[in-house]
Structures are given as structure tokens and as C-alpha cells.
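A.B. asks: okay, here's the prediction I keep looking at, along with the sequence it came from:
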Amino acid sequence: MKPSLVCIGLGNPGKQYEQTRHNLGFQAMDTLKEEYGEGEWSQKSKFAAEVCDARIVTVPCLLAKPQTYMNCSGEAVKKLVDFYKLDPAMQILVFCDDIDVQFGELRMRESGGPGTHNGLKSVVEHIGENFYRIRIGIGPKPENVDDLATWVLSRPSEGEQKKLHEALLKIPEMVKEFVLR
């Protein structure tokens, strides 16, 4: 069945990245799977992604975690858009971490540029700027950390993990409201 909505969480595959700040997109997909999933994650090489069918209210959806690594996320997104003949402006919802959003906050945008996020840059390069995205705030890089990449690939502290978990728990309701709009 063709999904009416494809939710795509940006992240990096592999155990070493699972709990990092940069993998909040994958964590958002796991949260959506718990609430709306209809089955297990399966690797689909034609999409270069792990996917899981879902149903939000009565709307058939697909959850996806690109396995291309963050900086090439657009390749998997493009494959999904092309295969299902999706209108990105109406049928794609991308989830990612964002240093320009206050820690633990969620912000939805209808379109726009990628800012400093390399995963979003890749998506924009492949399908343009007109797609919805939910940005999960990780706040700015601390002053005492030299390299942004090292920081986003680090694990949040226990207190930060708790606050991020609380933010992730708000995502299913946000997506349900998006579907019912």
C-alpha cells in the first residue's frame, strides 16, 4: 500500500552512534514505531533505509531511517520520494537534531534552508527545500568544546537524556495533529 505520509528520521547507522545527539531523528522514529508501528524494522536496500509500516488514525504511513550516514541522507529520501511518487511538500516529514533550537524543544517548519545541518543539506540537495521538518533542539555547542562534529556525536548526560526523552514523547501527538490538519 502506498503511504500517505513518510516520516524520515535522520541519523547514522551503527551501535556507536545510537545514543548520540545526532541520532535523535532515529530515536524519533523508534518513538513513532512504538505508538503507531505495524510490524518490525526491515532493511530495504532499494531505499537505502530501514523501514516500518505505520498507521496514524486511519492514514497509512511509512517510517524510515536512512542507512546512508547523515551527510548522505538525501540519497535515501530521494529513493523514497521517487518510488512512491510523493509530493515532498505534503507527504514528507523529516526529523533531525538542531543546534539552533533550544535544548529539549521541538520546532516544526514547513520549508526552508538546512542551516548548519549536513543531513538536511543533503535532503535539500536531493528534493529541494519544500518539505516539513521537526527539529529536535540540542542547543548550541558549549564554549569549551572545539569541534561541532565531536559534540553532536557525543552522548548526552543522564539529565539531558531525560529531557530529550520527554521531548521525544511529545512527537507522536505532534505527528497525529500534522496528519489530521
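C.D. replies: Noted; the coordinates are in hand. Numbering: from 1, shown residues only.

A.B. asks: so for the helix or strand hosting Lys121, mean pLDDT?
C.D. replies: Assigned by DSSP states H and E, Lys121 belongs to helix 118-127. In this model, helix 118-127 has an average pLDDT of 97.

A.B. asks: ok, then the element right after it?
C.D. replies: Next along the chain from helix 118-127, counting by DSSP H and E, comes strand 132-137.

A.B. asks: which other residues reach that following strand?
C.D. replies: 24-25, 28, 89, 92-98, 100-111, 120, 164, 167-168, 171, 174-175, 178 (Cβ atoms under 8 Å, 6 or more residues apart in numbering). (C-beta placed from N, C-alpha, C; glycine too.)

A.B. asks: and it, which strands flank it?
C.D. replies: strand 92-98 (parallel), strand 106-109 (antiparallel) (DSSP bridges).

A.B. asks: indicate which one of the ones you listed is closest to Asn71.
C.D. replies: strand 92-98 (12.2 Å; Cβ to Cβ).

A.B. asks: tell me what angle that closest one forms with helix 118-127.
C.D. replies: 150 degrees (axes from the mean of the first three to the mean of the last three Cα atoms, to 10 degrees).

A.B. asks: who touches strand 92-98?
C.D. replies: Counting by Cβ under 8 Å, 6+ apart, 5-10, 21-25, 28-29, 77, 80-81, 86, 107, 115, 117, 119-120, 123, 127, 131-138, 152, 171, 175, 178 sit against strand 92-98.

A.B. asks: touching, Gly39 and Asp53? I think so.
C.D. replies: Yes. Gly39 is within contact range of Asp53, at 5.5 Å (criterion: Cβ atoms under 8 Å).

A.B. asks: those two: which is more packed in?
C.D. replies: Asp53 (17 against 10; other Cβ atoms under 10 Å).

A.B. asks: count of neighbours near the closest residue to Pro88 other than its chain neighbours?
C.D. replies: The shortest distance from Pro88 to any non-neighbouring residue, by Cβ to Cβ, 6 or more residues apart in numbering, is to Phe131 (4.2 Å). Phe131 has 26 neighbouring residues, counting by other Cβ under 10 Å.
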